[in-house]
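Colleague: sequence below, structure please.
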Amino acid sequence: MNVLEEVVPQAETCSLENYLVLPDHTMDDRIAAAREKLGASTVLLGHHYQRDEVIRFADFTGDSYKLSQAAAASEADYILFCGVHFMAESADVLGRPDTAERPGQRVILPDLNAGCSMADMAEIGQVEDCWETLLGAGLKESELLPLTYMNSTAAIKAFCGERGGLVCTSSNARTAFEWAFARAEKILFLPDQHLGRNTGWAMGIPMQEMVVYDPWQIGGGVSPERLRAAKVILWKGHCSVHQRFLPEHVDKVRAKYPEMQVIVHPECRWEVCRKADAMGSTERLIRLVADAPEGSSFAIGTEIHLVNRLAREFAPKGKKIITLDDTGCLCTTMYRISPQHLAWALENLVEGHVVNRIQVRDDVKHWARVALDRMLEIPA
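Modeller: Below you'll find the model as predicted:
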């Protein structure tokens with residue numbers, strides 16, 4: 001395992017089961033009261049894809065890049081992360097360590113089942129095997145840098161940090177690619193093939209110079225000759241939410257709403273991004289909507305909670321916002337964190353119990369920190 005997940009024995013804590021049977025709305029006053037008692041000792045981070053009932057209690061909201069910065073800057077003793085597993089790992093890596101003068105920060109994930117399907121598509125053993133395959137195909141370590149998307153485990157981040165690479169987000173993927181190409185001829189990009197392909201294409205890298213490495217096939221399913229010729233080697237991974245958007249969805253919106261702008265996240269397929277009017281990180285999608293004149297309309301290819309939140313927020317300004325796929329694209333793992341889980345974690349803290357602590361092993365933490373620090377040093 002990449003982390004230690006500390007769950008205080010139930011006999012010492014408020015029982016989670018007693019919370020899960022209660023209605024969502026009954027948690028509001030309890031969450032607010034616990035937040036008031038904890039005060040500045042606790043900071044609550046909320047990712048944009050969280051449900052409204054949870055994210056409204058966050059001190060900071062944002063995408064993974066913004067929340068990484070908030071975690072690194074926080075002076076709170078406890079970081080309660082309403083996001084998914086890899087985000088909590090990164091907060092622990094970037095958080096204040098234990099010292100003789102002051103204990104380190106404790107990172108809490110309200111529901112340990114809040115994971116990420118994309119992050120799970122790159123397992124450290126597979127990545128180590130891939131690296132050996134690339135070297136066996138004739139690539140040299142001096143000409144190859146591994147980069148990983150934030151949506152990856154701490155072990156993958158550490159793998160990249162130890163080999164001279166870094167972490168990126170959808171906000172700074174292009175800057176990260178430019179940083180890497182200033183130091184090496186080739187990139188191994190993990191684990192989202194779509195973000196890697198869209199970034200490479202935007203930089204003018206031809207499709208034939210980007211290959212997909214499939215960890216479930218011998219040699220990644222790519223010949224040694226193609227690996228040697230490639231500038232970007234893309235790991236075969238994807239976001240289960242954003243991969244659902246199809247080119248036909250763009251065509252359907254164009255036919256029904258000719259005046260509507262289509263904006264999408266770069267985790268979407270290349271074919272979808274090519275048809276869109278603009279693509280960008282979650283933060284950029286929000287800015288595009290916010291900066292547009294009154295009366296503008298958008299179909300957005302990203303997670304449904306964010307789309308619905310933007311639709312409500314900007315409706316008074318006459319802006320029409322719909323999802324690119326009207327069947328809805330819910331991030332089921334983000335959705336797992338409920339008001340009940342949040343109240344349970346907070347009220348246990350009030351009682352002095354740290355539940356669901358996410359703690360990265362020290363050997364992994366060192367190199368993951370190197371990779372994350374490199375990311376925080378490059379522009380968004």
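
Colleague: where does the stretch 251-380 of the chain dip in pLDDT?
Modeller: 328-330, 332, 334, 380 (pLDDT under 70).

Colleague: list the buried residues of stretch 134-146.
Modeller: Buried residues in stretch 134-146, counting neighbours by 16 or more other CB atoms under 10 Å, are found at 134, 137, 139, 144-146. Glycine gets a C-beta too; all of them are placed from N, C-alpha and C.

Colleague: take those and keep only those in helices.
Modeller: Taking DSSP state H as the definition of helices, the buried residues of stretch 134-146 contribute residue 134.

Colleague: and of the buried residues of stretch 134-146, the nearest to residue 39?
Modeller: Using CB to CB, residue 146 comes nearest to residue 39 of these, at 41.4 Å.

Colleague: greatest separation within the buried residues of stretch 134-146: which pair is it?
Modeller: 137 and 145 (16.2 Å).

Colleague: ramachandran angles for residue 208?
Modeller: Residue 208 has phi and psi values of phi -70, psi -10 when expressed as degrees, to the nearest 10.

Colleague: what is the neighbour count of the residue nearest to it when sequence neighbours are not counted?
Modeller: Leaving out its chain neighbours, the residue that sits closest to residue 208 by CB to CB, 6 or more residues apart in numbering is residue 229, at 8.0 Å. Per other CB atoms under 10 Å, the neighbour tally for residue 229 reads 12.

Colleague: how about residue 32?
Modeller: 13.

Colleague: now swap in residue 158 and tell me
Modeller: Neighbour count of residue 158, defined by other CB under 10 Å: 26.

Colleague: and residue 199, what helix or strand is that in?
Modeller: For residue 199, the host element (DSSP states H and E) is helix 193-202.

Colleague: buried stuff in that helix?
Modeller: For helix 193-202, a neighbour-count test (16+ other CB under 10 Å) marks 193-201 as buried.

Colleague: ok, and what's touching the next helix or strand after it?
Modeller: Next helix or strand after helix 193-202 toward the C-terminus (DSSP H and E): strand 210-213. Applying CB atoms under 8 Å, 6 or more residues apart in numbering, the contact partners of strand 210-213 are 130, 188, 193, 196-197, 200-201, 220-222, 226-227, 230-236.

Colleague: neighbouring strands - and their directions - for strand 210-213?
Modeller: Sheet pairing of strand 210-213 (DSSP bridges) gives strand 232-235 (parallel).

Colleague: contacts only, for the closest residue to residue 46 other than its chain neighbours.
Modeller: Using CB to CB, 6+ apart and skipping the chain neighbours, the partner closest in space to residue 46 is residue 58 (3.0 Å). Contacts of residue 58 were listed using CB under 8 Å, 6+ apart, and they are 44-46, 50, 82.

Colleague: just flag the most distant two among the residues you listed.
Modeller: Spatial extent of the contacts of residue 58 (CB to CB) is set by the pair 44 and 50 at 10.6 Å.

Colleague: residues near residue 320, how many?
Modeller: 15.

Colleague: that one bridge partners, please.
Modeller: Where residue 320 sits in a bridge, its partners, by DSSP bridges, are residue 297.

Colleague: tell me how far it lies from residue 285.
Modeller: In this view, residue 320 and residue 285 are 15 Å apart by CB to CB, to the nearest Å.

Colleague: could you do residue 292 as well?
Modeller: Separation of residue 292 from residue 285 (CB to CB): 11 Å.

Colleague: likewise for residue 313?
Modeller: 13 Å.

Colleague: which helices and strands does the helix holding residue 199 pack with?
Modeller: helix 173-181, strand 186-190, strand 210-213, strand 232-235, helix 270-275 (3 or more CB pairs under 8 Å, 6 or more residues apart in numbering; DSSP states H and E).

Colleague: run through who's touching the helix or strand following the third one.
Modeller: Tracing the chain past strand 210-213, the next element assigned as helix or strand by DSSP H and E is helix 224-229. Identification of contacts with helix 224-229 by CB under 8 Å, 6+ apart yields 134, 136-139, 208-209, 211, 213, 220, 233.

Colleague: swap in 10 Å and give it another go.
Modeller: Applying CB atoms under 10 Å, 6 or more residues apart in numbering, the contact partners of helix 224-229 are 133-134, 136-139, 143-144, 186, 188, 208-209, 211, 213, 219-220, 223, 233.

Colleague: list the buried ones in it?
Modeller: 226-227.

Colleague: let's see it as CSV, backbone CA atoms only.
Modeller: What follows is helix 224-229, C-alpha atoms only, in CSV (Å, rounded to 0.1, in the frame of the first residue of the first chain):
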residue,chain,number,x,y,z
PRO,A,224,10.3,-0.9,-29.7
GLU,A,225,10.7,1.0,-33.0
ARG,A,226,7.6,3.1,-32.3
LEU,A,227,8.7,3.7,-28.7
ARG,A,228,12.0,5.0,-29.9
ALA,A,229,10.4,7.3,-32.4
